[in-house]
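Q: my questions are about this predicted structure, shown below with the sequence.
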Amino acid sequence: MTTIAVDSETGEVVNVPVLGRLMTVEQMKEHQARLRQILDEVLINKQDYDFVPNTTKRTLTKDGIEKMLLCFGCGIRVKDVKIATDFQANYISYTVIVQIVDVERECILAEKAGQCSTREKFHFNKIKNGGEPYDLANTILQVATKRAVLMAGLSALAAGGLFDTDEQPEAYGGQRQQGQQGGQRQQGGQRNYGATNGQYGGRASRA
């Protein structure tokens, strides 16, 4: 099944396969071609994606996954957030469950969970070097949310074949070398991960 859309540049009416419904082989080819077109023509290098050093893989930033989902009329809904703490043991863990929804049809296309804790090497080393676990709580929450959004987004878009989900250091809260924008935004203005229609991003690597 397809839906009608208008090409913003040519004004031509085009048929776009509807996510979450049965597609023919031709429709799936059209969908995969559209994913590649968005990657090549919409996403911006150093902003929406970058390359893993010494490889030909592309790493997708949170801004990139947001744009891809928006191109298909998808929203992100946080279903549940679970926290486990033991401050005497310097332990904080967040598990975030998110859903990718078709905004127009109000149906769920995918649901995944992401988890992050202070037991991971990057955060553990910060605490080992004198950091306080509760100072990392917001970063832990953001990383868990990004992971959930990444997995759910790739599943909803059927884009898993285009990307490798190996995470890079900044996915654990590190800063990007390019202006360190990613790290600053994590430590800066917080996003309301409890909002039901907020748009949040993740990261992945394209082979």
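A: That came through, no problem. Predicted model, so just to flag it, every value in this text is computed and none were measured.
Q: any idea of the mean pLDDT in the longest helix along the chain?
A: Counting by DSSP state H, the longest helix found in the chain is helix 137-157. For helix 137-157, mean pLDDT rounds to 91.
Q: do the same with stretch 48-55
A: Mean predicted confidence for stretch 48-55 is 73.
Q: can I get stretch 114-132 in PDB? Just the C-alpha atoms.
A: Output of stretch 114-132 as PDB, limited to C-alpha atoms (Å, rounded to 0.1, in the frame of the first residue of the first chain):
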ATOM      1  CA  GLY A 114      18.000   1.000  25.600                       C
ATOM      2  CA  GLN A 115      20.100   0.700  28.800                       C
ATOM      3  CA  CYS A 116      23.100   2.500  30.200                       C
ATOM      4  CA  SER A 117      24.800   2.400  33.600                       C
ATOM      5  CA  THR A 118      27.900   3.700  35.500                       C
ATOM      6  CA  ARG A 119      29.300   0.200  35.300                       C
ATOM      7  CA  GLU A 120      30.200   0.900  31.600                       C
ATOM      8  CA  LYS A 121      33.900   1.700  31.200                       C
ATOM      9  CA  PHE A 122      33.600   5.300  30.100                       C
ATOM     10  CA  HIS A 123      31.400   6.300  33.100                       C
ATOM     11  CA  PHE A 124      33.200   4.000  35.500                       C
ATOM     12  CA  ASN A 125      36.500   5.600  34.800                       C
ATOM     13  CA  LYS A 126      35.000   9.100  35.500                       C
ATOM     14  CA  ILE A 127      33.900   7.900  38.900                       C
ATOM     15  CA  LYS A 128      37.200   6.200  39.500                       C
ATOM     16  CA  ASN A 129      39.000   9.500  38.800                       C
ATOM     17  CA  GLY A 130      36.900  11.400  41.400                       C
ATOM     18  CA  GLY A 131      33.600  12.000  39.700                       C
ATOM     19  CA  GLU A 132      30.300  11.600  41.500                       C
END
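Q: circling back: buried set for the longest helix of the chain?
A: Neighbour counts over helix 137-157 (16 or more other CB atoms under 10 Å) mark 138-154, 156-157 as buried. To be clear about C-beta, it is placed using only N, CA and C from the backbone, and glycine gets the same treatment.
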